[in-house]
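Asker: Coordinates only, no sequence provided:
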């Protein structure tokens, strides 16, 4: 949480690092950031999928794990293709 409205907060432009792992029925995406990040969005370039959470905030140095069940995807991807298609954006990138 910020102590001011998001439109008045000076967000740092930060990179979000992510690592993708795979189980039999899902991909797990582990994300970390060096500073607070507002409105993180996950998406795939060509495929559609549902995520356990999307459009969320992240605290600095706090790992967040998001699950993407394979059954929710509109095409079959292996872990390499999934990681290659995965995009991670956040509010700071929009302005």
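Answerer: Sure, I can see it. Please read all numbers here as calculations on a predicted model, not as lab measurements.
Asker: and whichever strand or helix holds residue 88, average pLDDT?
Answerer: Per DSSP states H and E: residue 88 is located in strand 86-89. Averaging pLDDT along strand 86-89 gives 95.
Asker: same check, this time on stretch 29-48
Answerer: pLDDT averaged over stretch 29-48 gives 94.
Asker: Off-centre distance for it?
Answerer: Its chain's C-alpha centre and that of stretch 29-48 lie 2 Å apart, by CA atoms, centre = their mean, to the nearest Å.
Asker: which residues of this protein fall in helices?
Answerer: 79-85 (DSSP state H).
Asker: Pick out the residue nearest the middle of it.
Answerer: In the chain, the residue lying closest to the centroid (CA atoms, centre = their mean) is residue 42, at 4.1 Å.
Asker: Which residues are in contact with that residue?
Answerer: Counting by CB atoms under 8 Å, 6 or more residues apart in numbering, residue 42 touches 29, 51, 54, 66, 68, 86, 87, 88. C-beta here means a position set from N, CA and C on the backbone, and glycine is covered the same way.
Asker: ok so, going back, how far away from the center of its chain is the strand holding residue 88?
Answerer: For strand 86-89, the distance to the chain centre is 6 Å (CA atoms, centre = their mean).
Asker: in it, what's buried?
Answerer: 86, 88 (16 or more other CB atoms under 10 Å).
Asker: who touches it?
Answerer: Residues outside strand 86-89 that contact it (CB under 8 Å, 6+ apart): 16, 18, 20, 29, 31, 40, 41, 42, 43, 44, 45.
Asker: Next, the contact list for the first one, please.
Answerer: Residues in contact with residue 16, defined by CB under 8 Å, 6+ apart, are 31, 32, 33, 37, 40, 58, 88, 90.
Asker: Appreciated, that's everything.
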